[in-house]
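1. would you be able to build a 3D model of this:
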Amino acid sequence: MINNLQDTVTLNNGVKMPGFGLGVFKVEDGDTVINAVKDALAVGYRLIDTAAVYENEEGVGKAIKDSGIARDEIFVTSKVWNDQQGYESTLQAFDESLEKLGLDYLDLYLIHWPVSGKYKDTWRALEKLYRDKKVRAIGVSNFHVHHLEELRKDAEVKPVVNQIEFHPHLTQRDVRAYCKEHDIQMQAWSPLKKGRIFDEPLLVQIAEKYGKTVPQVLLRWDLDQAVMTIPKSINKKRMIENADIFDFKLTAEEVEQIAEMNINERTGSNPDDF
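-> All right, here's what the predicted structure looks like:
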């Protein structure tokens with residue numbers, strides 16, 4: 001899939017997106033998120049994933065501006081939150097995010113959750129933003145297969161990405177198969193399951209085999225399945241460690257052994273109940 005931190009994946013609309021990035025879920029705005037994003041960019045990360053509901057877009061934007069790195073070298077994702085979904089309100093939400101970020105355009109804009117009765121109108125707004133060249137690519141987050149099917153009935157633009165919770169305890173094989181069939185790139189949030197699987201014997205054993213940490217094995221597992229991944233960290237040392245996964249690969253057997261750990265357990269909400 002990708003062979004270094006800045007390698008890209010070509011999305012179904014031709015846009016190239018880094019396969020590995022930094023998530024800033026619940027990272028405090030101000031110095032905390034500014035320093036985290038600056039550190040990530042200094043380490044070599046080029047994908048930063050934020051959202052309106054994280055309430056840290058201003059800090060993310062300031063860090064990008066202060067980094068000295070050309071805007072077109074940094075891939076920025078944000079998302080429209082549930083209470084702003086609908087056609088007109090989504091257009092307004094996008095403008096608010098763009099203003100907070102201090103950017104002229106977004107690289108990727110996502111529907112954060114499939115709000116029943118609203119996400120199709122929200123998608124129409126994203127399509128307008130895409131046609132108006134305010135965003136380079138549009139996609140979704142936390143969509144099950146039936147949400148994707150419903151969206152595609154009327155969509156004029158196909159989502160490029162579906163960002164979902166994905167780790168060995170929640171493999172979502174049906175969603176992965178659907179996305180692969182329809183050329184929608186899957187991206188993992190909470191790829192480390194908030195540290196709750198670090199003591200799993202199989203993962204510990206595989207990590208010892210390769211001289212790696214369990215988090216590194218988990219992130220490599222994502223890439224070995226062509227799944228983009230955005231681990232969250234505010235610690236520069238941890239960012240470096242997370243990205244140190246390009247000097248080994250798991251065997252096909254190991255990838256499947258880890259996948260068999262699935263117990264359909266979420267750290268977040270089920271999109272059908274959210």
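
2. centroid-wise, who is the farthest residue in the chain?
-> No residue in the chain has its C-alpha farther from the mean C-alpha position than residue 209, which lies at 28.5 Å (Cα atoms, centre = their mean).

3. what helix or strand does it sit in?
-> Using DSSP states H and E, the element containing residue 209 is helix 201-210.

4. and the very next helix or strand once past that helix with helix 201-210, angle?
-> Moving toward the C-terminus from helix 201-210, the next helix or strand (DSSP H and E) is helix 214-223. Helix 214-223 and helix 201-210 are oriented at 90 degrees to each other (axes from the mean of the first three to the mean of the last three Cα atoms, to 10 degrees).

5. show me which positions of helix 214-223 end up buried.
-> 214-223 (16 or more other Cβ atoms under 10 Å). Bear in mind the C-beta positions are built from the backbone N, C-alpha and C, glycine included.

6. same thing with stretch 114-134?
-> Those would be 114-115, 118-120, 122-126, 128-130, 134, for stretch 114-134 by 16+ other Cβ under 10 Å.

7. quick one: residues in contact with it.
-> The contact list for stretch 114-134 (Cβ atoms under 8 Å, 6 or more residues apart in numbering) reads 80, 82, 85-88, 90-91, 94, 98, 105-106, 109, 111, 135, 137-138, 140, 142-144, 147, 150-151, 154-157, 271.

8. how far off centre is stretch 225-237?
-> 9 Å (Cα atoms, centre = their mean, to the nearest Å).

9. list the buried ones in that stretch?
-> Applying 16+ other Cβ under 10 Å to stretch 225-237 flags 225, 227-234 as buried.

10. among those, which one lies nearest to residue 74?
-> The nearest member of these to residue 74, counting by Cβ to Cβ, is residue 230 at 14.0 Å.
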